[in-house]
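Asker: After the sequence you'll find the predicted model.
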Amino acid sequence: MPRRHAPEKENRAPGQRQLRVGEEIRHLLAELLERGNMRDPDLRDATITVTSVDVSPDLRNAIAFVMPLGGKDTDRLLSALRRAAPWFRARVSEKAGLRSAPEIRFQLDRTFDEADKIGALLRRPDVARDIEEE
């Protein structure tokens, strides 16, 4: 008898536990960044917003989406966050009460850029003419 393949898990919406853990990690990371008591001088005085955290279904990996204030020095700050990822993981492990904290990767949040592009497209005269009410 042929084996049935499990449905693609990647296409499913995140479960309640994933969302809850992701939000908890987001709060913890934001708190750690707000305190600014890190060794890395690039992070010490930086103002960074953690916009969201996506957690894998097995809770072993997390992607933290971040945006520096004003969108300045993104490459330098992203590099600093990636260097400090093990430190963040250890602090999250201490405070979150999980059996094991997920591996945390940092990525720049591009949703603001995409929203700006869509807004600019909608303001173009040829597009605005098409969407105007008659």
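Answerer: Arrived safely.
Asker: What ranges does this protein have for its strands?
Answerer: Here the chain has its strands, by DSSP state E, at 48-55, 61-68, 103-108.
Asker: for those, which one sits closest to Glu23?
Answerer: strand 48-55 (7.2 Å; CB to CB). (Each C-beta comes from the backbone N, C-alpha and C, glycine too.)
Asker: Just name whatever secondary elements that closest one is in contact with.
Answerer: When contacts are defined as 3 or more CB pairs under 8 Å, 6 or more residues apart in numbering; DSSP states H and E, strand 48-55 packs onto helix 16-35, strand 61-68.
Asker: residues contacting Ala101?
Answerer: 89-90, 92-93 (CB atoms under 8 Å, 6 or more residues apart in numbering).
Asker: so how far is Thr74 from the residue nearest to it when sequence neighbours are not counted?
Answerer: Nearest non-adjacent residue to Ala101, counting by CB to CB, 6 or more residues apart in numbering: Ser93, 3.5 Å away. Ser93 is 27 Å from Thr74, where distance means CB to CB, to the nearest Å.
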